[in-house]
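Student: Predicted structure and sequence below. I'll ask about it afterward.
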Amino acid sequence: MIDRVSATVRPDGKPAGYQLWRDLLFLHWEVPASLLQSLIPKPLVVDEFEGKAFIGLVPFVMKNVRPRWWKLGSGFNFLETNMRTYVVHQGMPGVYFFSLDANSVIAVLAANLGWSLPYYVARQSIRQNSDRIAYSNARIGSHAAVQVEYSIGEHLGPSKIHSLEHFLLERYLLFVERHGVMHSGQVSHTPYPAQQATVLSLKQTMLEAVGLPKTDRPPDYAHYAAGVDVEVFPMIARP
């Protein structure tokens, strides 16, 4: 039985840090679960919604990223693009990141060393005109890239538990293998203020860079969220 509620509750204790996530675009493609399973560590099992598995491409803005002891307003600001899928470990659902691109060398080094997350340095930009946003990402030293333009649409509000939007958006645990041991990290924030998004143009090689077959197929689902304020909690070993 998968517990999809516990991780949404803020854990006790003080967070390790704070982050502001803004202008999030969630693009999702349906992918055979067996194919995704071959790309993730064995302790993890691909999570499915009504028999369907997904890979997600999520570009967004990171603001005021800082450890707890830094003053408000003293954190880092950068862009991020992550490639992810959804997994279950010990009955708990979460995210497994294939890659995370950022246009901050310091952020990449800190995340690689402190969290063992697969961060890469990239050239990135974002441009907004009313309800239309254009975002570009080109990983340095790699063919992994994305250029997307989209419009923001209907407000959906907080996602209902057991809905597709909740499955795709409301993920509060990440899993990463560190020194041969599975660890989890938890974040806490209010539910995403979800909106529909319409992709106007898209060129990407990010799925191919993960190890999936090359495709020009548009995403099956596109959502947008203006942003949430996030507390980040320390990593926990889950042997």
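Tutor: Everything's here; your move.
Student: which strands and helices sit next to the lowest-mean-pLDDT helix or strand in the chain?
Tutor: Lowest on mean pLDDT, DSSP states H and E among the helices and strands of the chain sits helix 105-115, with a mean of 88. In terms of contacts (3 or more C-beta pairs under 8 Å, 6 or more residues apart in numbering; DSSP states H and E), helix 105-115 is packed against strand 76-89, strand 92-102, strand 119-129. Heads up, the C-betas are built off the backbone N, CA and C, glycines and all.
Student: would you list these in CSV and tack on distance to residue 220, mean neighbour count and mean pLDDT?
Tutor: Converted to CSV, the helices and strands packed on helix 105-115 look like this (distance: least, C-beta to C-beta, whole Å; neighbours: other C-beta atoms under 10 Å; pLDDT from 0 to 100):
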stretch, distance to residue 220, mean neighbour count, mean pLDDT
strand 76-89, 14, 21, 97
strand 92-102, 18, 21, 98
strand 119-129, 24, 16, 97
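Student: Can you say which of those is nearest to residue 217?
Tutor: strand 76-89 (15.7 Å; C-beta to C-beta).
Student: Tabulate the CA atom coordinates of that closest one in CSV.
Tutor: This file holds the C-alpha atoms of strand 76-89, laid out as CSV (Å, rounded to 0.1, in the frame of the first residue of the first chain):
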residue,chain,number,x,y,z
PHE,A,76,21.4,32.3,-4.5
ASN,A,77,19.2,33.0,-7.5
PHE,A,78,19.4,30.8,-10.6
LEU,A,79,17.5,28.8,-13.2
GLU,A,80,17.0,25.1,-13.0
THR,A,81,15.8,22.3,-15.3
ASN,A,82,15.3,18.8,-14.0
MET,A,83,14.5,15.5,-15.6
ARG,A,84,12.7,13.2,-13.2
THR,A,85,10.5,10.2,-12.8
TYR,A,86,8.3,8.9,-10.0
VAL,A,87,9.3,6.1,-7.7
VAL,A,88,8.3,4.2,-4.6
HIS,A,89,10.8,3.1,-1.8
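Student: Adjacent strands (with direction) for it?
Tutor: strand 45-46 (antiparallel), strand 53-67 (antiparallel), strand 92-102 (antiparallel) (DSSP bridges).
Student: can I assume residue 7 sits in a helix?
Tutor: Yes: assigned with DSSP: H, G, I helix; E, B strand; the rest coil, residue 7 falls within a helix.
Student: I'd guessed residue 82 sits against residue 111; true?
Tutor: No: counting by C-beta atoms under 8 Å, residue 82 does not reach residue 111; the two are 10.9 Å apart.
Student: ok so, going back, contacts for the least confident helix or strand of the chain next, please.
Tutor: Here helix 105-115 makes contact (C-beta atoms under 8 Å, 6 or more residues apart in numbering) with 62, 65, 76, 78, 100, 102, 117-121, 176, 185, 235.
Student: Mind picking the two most distant members of those?
Tutor: Between all members of the contacts of helix 105-115, the farthest pair (by C-beta to C-beta) comes out as 121 and 235, at 22.6 Å.
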